[in-house]
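**Student:** Any chance you can model this:
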Amino acid sequence: MPYIDRNISDSILTVVKYYSTIIITGPRQSGKTTLARHLFPNYTFVNIEDISTRNMAKDDPTGFLDGLGPCAIIDEIQNLPELLSSIQARVDKDKSLRYILTGSNNFSLLHNAMQSLAGRAALFTVLPFSFKELSRSCLDVSTSELMWRGFYPGTISDLIPPDIFYRNYYSTYIERDIRALGQVQHLDKFQLFMRLCAARVGSEINFASLSVEAGVTAPTISAWISLLKASYIVYSLPPYFVNISKRLTKTPKLYFYDAGLLCYLLGIEQASQLDTHPLRGAIFENIAVTEMIKNRYNIAKEPNIYFYRENSGREVDIVEETPDGLNIYEVKAGATFQPDFTKNLKYLGKILPNVRTSTVIYNGETQGKNLLNIRDI
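**Tutor:** Numbers count the residues shown, from 1 in each chain. Next up is the predicted model:
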């Protein structure tokens, strides 16, 4: 399959005019390296994951960087964070130098990069493909097929069957990276924890409950979730409150960055299983929420979405905060629009003074295919 253009490309090409260093982060296998090499084909390319390359850079960082020339792509930079100090010294002396750094671990990469390259680097996050990036032919399948296949380039561009891709992705990358970062000693309990998280997609995170079921302490659960977030496996969606401090202290919801991985963890082996799966609605909601997050990252902005829930249980799935007010969304997996879908949207529109739009995202039909459809109310 030919190269699929990424929506984040324009933002990167604009910013590289002003910053000597561009950091591209995101989950493994999301297309970071392919994107960098496509945008900057004339840059020297090196991969720090290669042991011989890493040793060369570690033993003689000055000579290593000299050999790369004035423009270079350095892949998997988190494997050699000490190289960042040498890069900083060079770009301080010569503003014409350009380094494109890619890395798959948010925590270690950002911690070291922001210390060494503060004010000198621009950060971008590349996630798996969004709907806007895929062609009609890629989307011309059932919703169950879309959810099961996921949006990683491996299942889209390389056409690797999802069951094969995600099984190897989980064992090759997730378990290895998490164990390296967090020194997970009880792999069986961690595997159980991952599946428990999948079963709670779209729900508020309950550390105590996860602790009991996984057989580890609540602080361990908290640490594991932090590691998954740092590795771009899961993210937490905060609740919306007018009072900003409450958004930071109240319980967030848990979502996965990719529905295909989520389906794998739920033990879904065929797309047809999703037609009647009890978590179909939650997986569909996961796709809708993640799509909004991808759209924000693709314009080089932080996510601006929340969820709304009252103690009574009344809730709205997505609250999008904009300079002009709030856009609120209800997500429904049903293929037929029902007037009842709008009930909570109308309620929230009355109690919040700054609601701009109210929209239902549902699994409607367009040209005979099930897609993410929207309906304003």
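**Student:** Excluding chain neighbours, what is closest to Ser144?
**Tutor:** Using Cβ to Cβ, 6 or more residues apart in numbering and skipping the chain neighbours, the partner closest in space to Ser144 is Leu274 (3.9 Å). For glycine as for every other residue, the C-beta is placed from the backbone atoms N, C-alpha and C.
**Student:** didn't the one you found look like it was pressed against Met147?
**Tutor:** Yes. Counting by Cβ atoms under 8 Å, Leu274 touches Met147, with 5.6 Å between them.
**Student:** Check the contact lists of the two and give me the overlap.
**Tutor:** Cys263, Arg280, Ile283 (Cβ atoms under 8 Å, 6 or more residues apart in numbering).
**Student:** what distance separates the start and the end of stretch 199-206?
**Tutor:** 12 Å (Cα to Cα, to the nearest Å).
**Student:** can you pull the buried residues of that stretch?
**Tutor:** Neighbour counts over stretch 199-206 (16 or more other Cβ atoms under 10 Å) mark Ala199, Arg200, Val201, Gly202, Ile205 as buried.
**Student:** Can you get me a residue count around the residue nearest to Ser144?
**Tutor:** Leu274 has 23 neighbours, counted by other Cβ atoms under 10 Å.
**Student:** Over to Glu302?
**Tutor:** Around Glu302 sit 8 other residues, with neighbours defined as other Cβ under 10 Å.
**Student:** Kindly report the same for the one 5 residues further on.
**Tutor:** Here the neighbour count serves as a burial measure; for Phe307 (other Cβ under 10 Å) it reads 22.
**Student:** where's it, which helix or strand?
**Tutor:** For Phe307, the enclosing helix or strand under DSSP states H and E is strand 305-309.
**Student:** Pull up the pairing partners for whichever helix or strand comes after that strand, direction included.
**Tutor:** Using DSSP H and E, the helix or strand that follows strand 305-309 in sequence is strand 315-322. When pairing is defined by DSSP bridges, strand 315-322 lines up against strand 305-309 (antiparallel), strand 325-332 (antiparallel).
**Student:** Is it possible to get TSV of these that adds distance to Ile87?
**Tutor:** Below are the strands paired with strand 315-322 laid out as TSV (distance: least, Cβ to Cβ, whole Å):
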stretch	distance to Ile87
strand 305-309	34
strand 325-332	40
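**Student:** still on that earlier bit, closest to Lys93 among the buried residues of stretch 199-206?
**Tutor:** Nearest to Lys93 among these is Ile205, at 46.4 Å by Cβ to Cβ.
**Student:** tell me which element the nearest residue to that closest one once chain neighbours are set aside falls in.
**Tutor:** Spatial nearest neighbour of Ile205, excluding adjacent residues (Cβ to Cβ, 6+ apart): Leu254 at 5.0 Å. With secondary structure defined by DSSP H and E, Leu254 is part of strand 253-256.
**Student:** Can you list the neighbours in contact with that strand?
**Tutor:** Under Cβ under 8 Å, 6+ apart, the answer for strand 253-256 is 197-198, 200-205, 225, 233-237, 239, 262, 286, 289-290, 307.
**Student:** List the contacts of stretch 325-336.
**Tutor:** So stretch 325-336 is contacted by 143, 280-281, 284-285, 288-289, 308, 316-320, 338, 341-342, 344-345, 348-349, 352, 354-365, 370 (Cβ under 8 Å, 6+ apart).
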